[in-house]
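Engineer: Here's a sequence, model it:
(2 chains)
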Amino acid sequence: MLNVLMLGVGQCGNRILDAMNREAFGGGASKLSRYYLRPKFPSRVETLAVNTAINDLKELRFTTAKDRLHVPNLHGVGANRNVGKQAFMENRDMIMGEIEKRGDFDIAFVITSTSGGTGSSFSPLLINELKRQYKDIAVITVAVLPFREEGSIYLQNAAFSMRELMELDAEGIILADNQYMKRFSGDIASAYDKINTMIAQRLLFLIESLDSEMLSVTDLGDFKTVMNGGLRIGTMGFYQADSKNLSIRDAIQNSLKPANLLYPANVADDAARAMIIIQGSQEHLDVDEITKEVERLSASAGHVFKGIVVKKGRPKVLSVFTLASAPELEAIYAQAARAMQEEKEKRTRARKQLDEAFAHIEDLEEIY
Amino acid sequence: MSKIQISKNEIRPARIMIYNCDVLGWRPNYYRMTFVCLILVLLLIGANGAAKSDEEDDDEITFRDFSLYIGDRIELEDYQIELIEIQSIRDGLVVMRVSKVGGSLDEQRALLLDRPNNFDRGADNGGITITIAEIFDEQSARVRLEYKEKLGTPRKRSSDRPQTAPEKPDLWVDKSFDKSEMNVGDESKVTITIKNNGTGPAVGIEVQDIPPLPQFTYIAGYPPKIKETLDPGQSDSAVYMVNAAKEGTVSIPSVLIRYADRKGNSLSNRSEPFSIVILPRSRADLNINAEDNITLALEEEGRLNITILNSGSASATKIEVTGDVRPGEGLEAVGLDKSFFEIAPGDAAAFSASIHGQKPGDYAIRLKANYNDGEGLAIREATARVTVLEREYKYHYLLAIIPIAIISFWIYRRHREYKY
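Structural biologist: This is a model prediction of the structure:
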């Protein structure tokens, strides 16, 4: 059994973690489920929501109080990563102590937004600490990219945070892009819920699959290998066949389609390594078709791990792959650089205007 | 006074004399007396004729009435007239004594009412004439004295002797019942009491307590018998028993007694009439009071208290109480049957029966008392309701409370678990 640590850092990470806890109560659980159900994780999963803003922690509904860790720093870090880093360092022992209470882990998922204050600043430091304290632990960062229109600070945070994450000695980053996924819903609030639910479902499916008796074995080691491929930046796709089309081949293809990915990528062109995990009733699992489809994917993506879990139900396919190139990231960095340059120019202009204003009273004394 | 005058009227004293001789009981030889009297008459006629011529200067005759008590006297010249006795009021006989100083006249004579009596040949002839004008009572009478004025003025001399009370019986009679109210069938003692409150003996006493009243049956002692003679202060009573036969208010008529005094004067008296009430015949009236609406738990034992009260006016006897339970199964009752010999009016008898609830349901215990109410057999019934409850589970509510408490605790714990 895998020992899994799920850390939701910052508001975004907290909400995705809360969505995972909700999914653990069963799909579509209501708020009252927590009164009569216990969350069921496929493995031993310990969750911990970390935040400097206590109000964000209070918003959580399906995460137990003991799994919410408030890092006292007034009311958040105000999207300031430097403040966030200082807050982490000041509370590192307390944070790591809470994690240590939960025992040893085989893998840790650090779910965070790249743009916020707490998540983007805490996560690189936290991952470093995890890697330092837990020698054999695999740490996967689930990083959420911001809406592009959220502002220059968020873009700046995302740029610097991503760089720090990529420079870490961790097992990789799974990207989810809010900008990409906001098409799922009309308004921002429901889009967030939908995105959080999608990420939660994929992560739970992944954990369940890694800890299951598979017909064709894939395990944590395979997963780490996949995540070490390419830029060590990957993403996930997921598809559940509908009753009209139970073809496993179509399900695999659909799981790789951009519409079902968390981050916009072209698998055929951008994928470095991949893992396809298939689950469903045996009658739907045509091994020949699965093999053909995996072979076809391998032709473009290099190595593809496949795992098959026989479980009653319609075919479900989770595809995890790392990218050899990330054009969208480059676009984000470029946008972030522009935004930072504009910010800098604005500040310079403002400073100049202020200096000119001050110049009017440079030789004057206060007269009373 | 030397001449003797005889008028037609002079015959009268002689007749009176004759009469008086009879009254006094003198019994001379009738023929000899007749002859003597005839001679005397002839002599008187002759003497009267010789003296008639000398009568021209005689005084006028006058009279005067005196009220005399026995012993009182009238003195007129030499005459002394004394009331000796009122011999008979009814017959109008009064005894007078007439005497003359020197002893030439001393005569005691019974005088008839309103009849003149001559002494010393009467007032016409220089003597006196006495008439009993009125008898007041047995002690006094009004006496008229006729005399010639030349005799002077008569004077009354009251008697120095103490007056003796007249011997007159006075019977008082009373009739009474020993109950002023009674019921039909009740016996009562009737007492007739007679007492002589007078000064003389009552003789020939007769009691008339008639007619027998139809509201009563006369058991013993009727008609009442009383002594025939009662001396002053003496009393006698007669008792008889009656049985009330009809209800209603009965007017008891007065009792009449007749009697006479020693002199034969008839007297009578009556008791005061009164009325008594005869109520309907007294009967026993039993009321059975059984504790009602008893509630028993299943398999619980209880007591049914029964009280029998006699609210009637007679004793109830031979009381037999029986009871049965309906429906017959499910409630066991022991001790419902009971006997009592007698329950006096106003008294109560109580007993209790044990009851045992064996099956839930509503039961009725019917009690029936047979008894003799004084006239015959009577029956009274009563019903007591008993409810046997379903088995009670005292801590039933815990079955609801415990899960609620557990759930509440569970929810609270979960709430605390997720509350941040």
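
Engineer: Give the partner strands of the strand or helix carrying B:Gly302 in its sheet and their orientations.
Structural biologist: According to DSSP states H and E, B:Gly302 maps onto strand B:301-310. Partners of strand B:301-310 in the sheet, by DSSP bridges, are strand B:286-290 (antiparallel), strand B:348-357 (antiparallel).

Engineer: State the phi and psi torsions of whatever residue of the stretch 51-200 of chain B ends up closest to chain A.
Structural biologist: For the stretch 51-200 of chain B and chain A, the shortest gap (Cβ to the nearest Cβ) falls at B:Asn183, measuring 86.0 Å. Heads up, the C-betas are built off the backbone N, CA and C, glycines and all. Per-residue torsions, B:Asn183: phi -100, psi 160 (degrees, to the nearest 10).

Engineer: One more: the one 3 residues further on?
Structural biologist: Dihedral angles phi and psi of B:Asp186 (degrees, to the nearest 10) take the values phi -80, psi 150.

Engineer: what does the one 3 residues further on give?
Structural biologist: The phi and psi values for B:Lys189, taken as degrees, to the nearest 10, are phi -100, psi 130.

Engineer: what's near enough to touch A:Val71?
Structural biologist: Counting by Cβ atoms under 8 Å, 6 or more residues apart in numbering or on different chains, A:Val71 touches A:Val50, A:Asn51, A:Thr52, A:Ala87, A:Phe88, A:Asn91, A:Met94, A:Ile95, A:Thr118, A:Phe122.

Engineer: Let me have those in CSV, extended by pLDDT.
Structural biologist: CSV is the format used below for the contacts of A:Val71 (pLDDT from 0 to 100):
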residue, pLDDT
A:Val50, 96
A:Asn51, 94
A:Thr52, 92
A:Ala87, 92
A:Phe88, 94
A:Asn91, 94
A:Met94, 95
A:Ile95, 95
A:Thr118, 92
A:Phe122, 95
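
Engineer: Drop the exposed ones from these and show what's left.
Structural biologist: The neighbour count (16 or more other Cβ atoms under 10 Å in any protein chain shown) marks A:Val50, A:Asn51, A:Thr52, A:Ala87, A:Phe88, A:Asn91, A:Ile95, A:Thr118, A:Phe122 as buried among the contacts of A:Val71.

Engineer: Now flag whichever of these is closest to chain B.
Structural biologist: For the buried ones among the contacts of A:Val71, the nearest to chain B is A:Asn51 (10.8 Å; Cβ to the nearest Cβ).

Engineer: mind listing what's buried in stretch B:332-339?
Structural biologist: For stretch B:332-339, by 16+ other Cβ under 10 Å, it's B:Ala333, B:Leu336, B:Lys338.

Engineer: which residues of chain A fall in helices?
Structural biologist: A:10-24, A:33-36, A:54-58, A:81-100, A:118-133, A:152-167, A:178-181, A:188-210, A:220-227, A:248-256, A:267-270, A:287-301, A:327-359 (DSSP state H).

Engineer: tell me how far the second one is from the chain's mean position?
Structural biologist: Right, the one you point to is helix A:33-36. 27 Å (Cα atoms, centre = their mean, to the nearest Å).

Engineer: Counting by contacts, list what it packs against.
Structural biologist: Secondary-structure packing of helix A:33-36 (3 or more Cβ pairs under 8 Å, 6 or more residues apart in numbering or on different chains; DSSP states H and E): helix B:396-418.

Engineer: so which strand or helix has B:Ser237?
Structural biologist: Per DSSP H and E, B:Ser237 falls inside strand B:235-244.

Engineer: Name the next helix or strand following that strand along the chain.
Structural biologist: Strand B:235-244 is succeeded, C-terminally, by strand B:248-252 (DSSP H and E).

Engineer: pLDDT on the helix or strand that comes right after that next one, on average?
Structural biologist: For strand B:248-252, the following helix or strand on the C-terminal side (DSSP H and E) is strand B:256-260. The pLDDT scores in strand B:256-260 average 91.

Engineer: Would you mind pulling the contact partners of strand B:256-260?
Structural biologist: By Cβ under 8 Å, 6+ apart, strand B:256-260 touches B:169, B:171, B:173, B:194, B:202-209, B:226, B:230, B:266-270.

Engineer: mind showing which ranges of the stretch 51-200 of chain B have poor pLDDT?
Structural biologist: B:51-58, B:162-165 (pLDDT under 70).

Engineer: can you pull out the helices in it?
Structural biologist: When assigned using DSSP state H, counting those that start in this stretch, the stretch 51-200 of chain B turns out to have no helices.

Engineer: rewinding a little: ok now do the residue lying closest to the residue of the stretch 51-200 of chain B closest to chain A once chain neighbours are set aside, which residues does it touch?
Structural biologist: Take B:Asn183 and drop its neighbours on the chain: the residue closest to it by Cβ to Cβ, 6 or more residues apart in numbering or on different chains is B:Ser282, 4.1 Å away. Residues in contact with B:Ser282 (Cβ under 8 Å, 6+ apart) are B:Asn183, B:Val184, B:Gly185, B:Asp186, B:Gly312, B:Ser313, B:Ala314, B:Pro345, B:Gly374.

Engineer: do B:Ala238 as well
Structural biologist: Counted by Cβ under 8 Å, 6+ apart, B:Ala238 has contacts B:Thr191, B:Ile192, B:Val207, B:Gly221, B:Pro224, B:Lys225, B:Ile226.

Engineer: The third one: which element?
Structural biologist: With elements taken from DSSP H and E, the one containing B:Val207 is strand B:203-208.

Engineer: Buried residues of that strand, list them for me.
Structural biologist: B:Val203, B:Ile205, B:Val207.

Engineer: How far off centre is that strand?
Structural biologist: That offset, for strand B:203-208, works out to 15 Å (Cα atoms, centre = their mean).

Engineer: What helices and strands are in contact with it?
Structural biologist: strand B:187-196, strand B:256-260.

Engineer: can I get the CA coordinates of it in CSV?
Structural biologist: C-alpha atoms of strand B:203-208 as CSV (Å, rounded to 0.1, in the frame of the first residue of the first chain):
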residue,chain,number,x,y,z
VAL,B,203,-116.3,8.9,91.3
GLY,B,204,-117.7,6.9,88.4
ILE,B,205,-114.9,7.8,86.1
GLU,B,206,-115.5,6.7,82.6
VAL,B,207,-113.1,7.0,79.7
GLN,B,208,-114.3,7.4,76.1
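
Engineer: That strand vs strand B:187-196, what angle?
Structural biologist: On the basis of axes from the mean of the first three to the mean of the last three Cα atoms, to 10 degrees, strand B:203-208 is oriented at 150 degrees to strand B:187-196.
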